[in-house]
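Engineer: return atomic coordinates for the entry below.
(one chain, ligands or ions: 1)
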Amino acid sequence: VVDDGRTTPATAGTTVVDHIGLLVTNDPARGAGPLGVLHDAHLVLDGDRVVAVGTGPAPAADRRIDAGGRCVLPGFVDSHTHLVFAGDRSAEFAARMAGRPYEAGGIRTTVDATRAADDGRLRRSAARRRAEGRAAGITTVEIKSGYGLTSEHEARTLRLGRELTPETTFLGAHVVPAEYDGRADDYVELVCGPMLTACAPHARWVDAFCERGAFDVDQCRAVLDAGRRAGLGGRLHANQLGPGPGVRLAVELGCASVDHCTHLDDGDVAALAGSATVATLLPASDFSTRQPYPDARRLVDAGVTVALATNANPGSSHTTSMAFCIALAVREMRLTPDEAVWAATAGGAAALRRDDLGRLAPGCRADLVVLDAPDHVHLAYRPGVPLVSVTIEAGRVRFPGADAPD
Ligand SMILES: [Zn+2]
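Structural biologist: The predicted structure follows:
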């Protein structure tokens, strides 16, 4: 790949990406199948937007990126992460692989480490993980709080998260902190009151962990209702470790997304299918906790909109690789490679209610990935191989960036 614009810092002017062997647009009106696939294609970018998509010879532009016959697809939209944290839980992972069960309470280990870290350390480690994800093709990331669990520490997490993305989520109801042991309702009152007031200015979304060992359905409803009154959109962690009422609560409250969705009954699937709530599946956490995978095939066949996300976090899913999630979704959750790639791009955009992301069509944000592969199937076909050769985010080449070694 020749990147003529490598030393051009700003997004000003037009860029052509040409000689694209296979282009995934996710725009069925523009190309073949649900992925809107075009062959021998080009893209024209102006500033941070896509302005034209076509086949054959490309028009003149200020800069040219030659894809050399490779595959280009929309950048991955990672709609569920916990990127701002301190500490390491590899010993817990090793113990779990040796047979200890996964429980929600392990989150407290990260809470202690995160509270103890200063802003600089949290900022640097989160930026490092963001760069890691960008190098793996992630152009949009959502970031949750939930490792502070005091008004001050939750607001700090969201403030630092905002430096990396506008898609920040207040997750004060992640776990009951140790100092509130046996007083979960008192903690929920704090979350819905002063903590929400401190956090709402730094957040777009509110989320809660609806699970045995975390928060019950009434507590989650209180948190999401309070968040909505403060102007935040709803999301929910639910049905990860066992069946429960979380999925139906998310649908009832019109949440943008309900995440995990491993243990679903027919009523849950029917509720999702008749709703605008996206089922966001997080297979890397099922992998790392040796839990069953959700049945993505059943969801897609029922007409549910499915997204894939990394759930990047130190306890249950310490990865920033969407390609790994795609491979798991294909191998273990019975999605086709086309469906998995759609879920990791357009599905993630739907989970964030963003119609400018996850597609390559005029007006969309210029977020795209050049794969070192002839087609997108290679993401699942070549598991564990880093196939992203260029990541363009809002029209700028961010990987390999101007500061990347030659
Ligand atoms: Zn999560």
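
Engineer: and what about residue 374, helix, strand or coil?
Structural biologist: coil (DSSP: H, G, I helix; E, B strand; the rest coil).

Engineer: and it, how far is that from residue 23?
Structural biologist: Using Cβ to Cβ, to the nearest Å, one gets 12 Å for the distance from residue 374 to residue 23. Any C-beta I mention is one placed from the backbone N, CA and C, and that applies to glycine too.

Engineer: ditto for residue 35
Structural biologist: 9 Å.

Engineer: and the two? Which one has more around it.
Structural biologist: The neighbour comparison of residue 35 against residue 23 (other Cβ atoms under 10 Å) goes to residue 23, with 28 against 24.

Engineer: so that one sits against residue 37, correct?
Structural biologist: Yes. With contact defined as Cβ atoms under 8 Å, residue 23 reaches residue 37; the gap is 6.9 Å.

Engineer: joint contacts of those two?
Structural biologist: Common contacts of residue 23 and residue 37, defined by Cβ atoms under 8 Å, 6 or more residues apart in numbering, comprise residue 31.

Engineer: what do residue 374 and residue 23 both touch?
Structural biologist: Joint contacts of residue 374 and residue 23 (Cβ under 8 Å, 6+ apart) are residue 71.

Engineer: can you tell me the centre-most residue of the protein?
Structural biologist: The centre of the chain sits closest to residue 78, judged by Cα atoms, centre = their mean, with a distance of 1.9 Å.

Engineer: what residues are up against it?
Structural biologist: 133, 138, 140-142, 309-310, 312, 320, 322, 348.

Engineer: so which of these sit within strands?
Structural biologist: By the criterion of DSSP state E, membership of these in strands covers 138, 140-141.

Engineer: rebuild those as CSV, extending it with neighbour count and pLDDT.
Structural biologist: Shown next, in CSV, are those (neighbours: other Cβ atoms under 10 Å; pLDDT from 0 to 100):
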residue, neighbour count, pLDDT
138, 30, 98
140, 26, 98
141, 28, 98
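
Engineer: follow-up on the earlier one: just the contacts of residue 78 now: which is nearest residue 235?
Structural biologist: Proximity of those to residue 235, judged by Cβ to Cβ, is greatest for residue 142, which lies at 8.6 Å.

Engineer: neighbours of that closest one, how many?
Structural biologist: 27.

Engineer: what comes up buried for whichever strand or helix holds residue 218?
Structural biologist: Element membership for residue 218 (DSSP states H and E) is helix 217-229. Neighbour-count burial for helix 217-229 flags 219-224, 226-227 (criterion: 16 or more other Cβ atoms under 10 Å).

Engineer: residue 384: what's its closest spatial neighbour, skipping adjacent residues?
Structural biologist: residue 324 (7.2 Å; Cβ to Cβ, 6 or more residues apart in numbering).

Engineer: now the one you found: which helix or strand?
Structural biologist: helix 322-333.

Engineer: what residues of that helix count as buried?
Structural biologist: Buried-residue list, helix 322-333, by 16+ other Cβ under 10 Å: 322-330, 333.

Engineer: what's the first helix or strand after it?
Structural biologist: Per DSSP H and E, the first helix or strand lying C-terminal to helix 322-333 is helix 337-342.
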